[in-house]
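>>> How does the following fold in three dimensions:
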Amino acid sequence: MSEIIFEVREDEADGGYTASALGYGIHTQGDTLEELRAKVKEAVSCYFDETMQAPKIIRLHFVRDEVLVQ
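Residues are numbered from 1 along each chain as shown. Predicted coordinates:
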């Protein structure tokens, strides 16, 4: 595997960010983007042990919801 993609959302209620890997049971959160990046790397490292090939690239896909009221 060469790449893993995380969907990142801003937590509007509590602040901070949540990230979930697409196709894997990897989820994490952080108060800042810097903290989130570090936690994503740590979560991927923990998930892919020495028996599994870890991805070379971690892609963060930021999803933003916007509500318009008339």
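
>>> can you map out the helices along this structure?
Secondary structure of the chain (DSSP state H): helices at 33-47.

>>> any idea which residue sits dead centre in it?
A19 (2.9 Å; C-alpha atoms, centre = their mean).

>>> hey, what's the closest residue to that residue other than its chain neighbours bridged with?
The spatial neighbour of A19 that comes closest, neighbours along the chain excluded (C-beta to C-beta, 6 or more residues apart in numbering), is F6 at 4.3 Å. Where you see a C-beta, it was placed from the backbone N, CA and C, and this is true even at glycine. Taking DSSP bridges as the rule, F6 bridges to A21, L60.

>>> can you tell me how far the residue nearest to the centre of the chain sits from Q29?
With distances taken as C-beta to C-beta, to the nearest Å, A19 is found 7 Å from Q29.

>>> intersection of neighbour lists for those two?
L36, K39 (C-beta atoms under 8 Å, 6 or more residues apart in numbering).

>>> Run through the protein and note the low-pLDDT ranges.
1 (pLDDT under 70).

>>> could you redo the last one with a cut-off of 90?
Applying pLDDT under 90 to the chain flags the ranges 1, 11-15, 49-54, 64-68, 70.

>>> coming back round to it: got the contact list for the residue nearest to A19?
Contacts of F6 (C-beta under 8 Å, 6+ apart): A19, S20, A21, L22, I26, V40, I58, R59, L60, H61.

>>> Can you flag the buried ones in these?
In these, burial by neighbour count holds for A19, S20, A21, I26, V40, I58, counting by 16 or more other C-beta atoms under 10 Å.
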